[in-house]
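1. only the shape, not the letters, is given here:
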DNA sequence: TATTGTTATACTCTATAACTATA
DNA sequence: TATAGTTATAGAGTATAACAATA
């Protein structure tokens, strides 16, 4: 009779590993981004703004953070000239956020740095293992974050 | 000519996914642990203490946190009667930390909760995908955290 | 002098609630 | 009245530095 392999320790659990490695990955990526004046959380904003301009509340709900966090992030992105806030003339309460040319450039540099971080993190894995890992993570992300 | 598939966006990067999902996994596990008076970070301590008693500094270096964090965690674990601090008679500066019977029980309940968290997180993955994900994460953990 | 554990302090990240200006 | 954005504030979580007791 086949029996499902169960972990005997919390630390072997995927939830625990994910939490620990997530912290590590975030820290390493943050170190690489620091010279650009960016932090990991800014990247989700930069990605979203490659499309048409978006209101701040729209950014907040899409990324899944509270509106006041968006204010802070945009303040910081504005300081490095990555974004512009443009008052919506149809509804003067809203501000449409758009990426500047410098912002597009920053985003591309961030992508390159993220790849570097991946390479260092995935050093011991071959292509198939990396692909399987990415697929698993993406699937979890789709079923949780996207919902 | 084969070319390596490269991500076009930071958010598709394994580093970024890991950071985001790690935060999610940690939060969900924390919610489950809360009724026990525990948080995820306590679990690494409980696991280590299933073996022979250890000094606080040993816990700190093994887990990879700063000594003052260990003090806090042990204070909290002491409040739920999970551990005992026993002064080392050979070197009175040291305190040997040992798991109480209640601590052993708490650890086992934490393992069960972590498995529940895994099940909910891995809902959309089949056994092979789950195994591949675990293997990838474990390999990264071994090459980074263990170093 | 060096080491173990502790305390005090500060910094990051995030969330809540009160406020403003517009609708 | 309700909504978009802002500010002020507070709570986790972690790290650094100064300190007491012991070696």
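-> Yes, it's here. A quick note: this is a predicted structure, and the numbers were derived from the prediction, not measured.
2. next, the contact list for residue A:78, please.
-> By CB atoms under 8 Å, 6 or more residues apart in numbering or on different chains, the contact set of residue A:78 is A:84-85. No exception for glycine: its C-beta is placed from N, CA and C like everyone else's.
3. what's the answer for residue A:76, then?
-> A:37, A:39, A:42.
4. centre of the chain to the helix or strand where it lies, how far?
-> For residue A:76, the element it lies in under DSSP states H and E is helix A:67-79. Averaging C-alpha positions (CA atoms, centre = their mean, to the nearest Å) puts helix A:67-79 15 Å from its chain's average.
5. buried stuff in that helix?
-> A:70, A:73-74, A:76-77 (16 or more other CB atoms under 10 Å in any protein chain shown).
6. give the contact list for the residue nearest to residue A:43 when sequence neighbours are not counted.
-> Take residue A:43 and drop its neighbours on the chain: the residue closest to it by CB to CB, 6 or more residues apart in numbering or on different chains is residue B:10, 4.1 Å away. For residue B:10, the contacting residues are A:43-44, A:46-47, A:107, A:110-111, A:114, B:16, by CB under 8 Å, 6+ apart.
7. how about 10 Å then?
-> A:29, A:33, A:38, A:40, A:42-44, A:46-47, A:107-108, A:110-115, A:117, B:16 (CB atoms under 10 Å, 6 or more residues apart in numbering or on different chains).
8. could I get the full set of strands for chain A?
-> A:54-55, A:83-87, A:95-99 (DSSP state E).
9. avg pLDDT for the shortest one?
-> Across strand A:54-55, pLDDT averages out at 98.
10. check stretch A:77-91 too.
-> 97.
11. run the chain-centre distance for it.
-> Relative to the chain's own centre, stretch A:77-91 is displaced by 20 Å; criterion: CA atoms, centre = their mean.
12. and the end-to-end length of it?
-> End-to-end distance of stretch A:77-91 (CA to CA, to the nearest Å): 23 Å.
13. can you pull the buried residues of it?
-> Buried residues in stretch A:77-91 (16+ other CB under 10 Å): A:77, A:82-84.
14. near chain B too, which of those residues?
-> By CB under 10 Å from any CB of the partner chain, no member of the buried residues of stretch A:77-91 lies near chain B.
15. which of those residues lies closest to DNA strand C?
-> Comparing these against DNA strand C with CB to the nearest atom of the strand places residue A:77 closest, at 13.2 Å.
16. check contacts around that closest one.
-> Going by CB under 10 Å, 6+ apart, residue A:77 touches A:37-38, A:42, A:45-46, A:49, A:83-85, A:97, A:99-100, A:103, A:106.
17. need the buried ones from these selected in PyMOL.
-> Buried members of the contacts of residue A:77, defined by 16+ other CB under 10 Å, are picked up in PyMOL with:
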select buried, chain A and resi 38+42+45+46+49+83+84+97+99+100+103+106
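18. near DNA strand D, which of the contacts of residue A:77 show up?
-> residue A:85 (CB under 7 Å from any atom of the strand).
19. now, which of the contacts of residue A:77 sits nearest DNA strand D?
-> Using CB to the nearest atom of the strand, residue A:85 comes nearest to DNA strand D of these, at 6.0 Å.
20. okay, which residue is most central for chain A?
-> Nearest to the geometric centre of chain A sits residue A:44, at 4.3 Å (CA atoms, centre = their mean).
21. just the ones of the contacts of residue A:76 in helices?
-> residue A:42 (DSSP state H).
22. in a markdown table: the contacts of residue A:76, plus distance to residue A:59 and pLDDT.
-> Compiled in a markdown table, the contacts of residue A:76 are given as follows (distance: CB to CB, whole Å; pLDDT from 0 to 100):
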| residue | distance to residue A:59 | pLDDT |
| --- | --- | --- |
| A:37 | 19 | 93 |
| A:39 | 16 | 95 |
| A:42 | 11 | 97 |
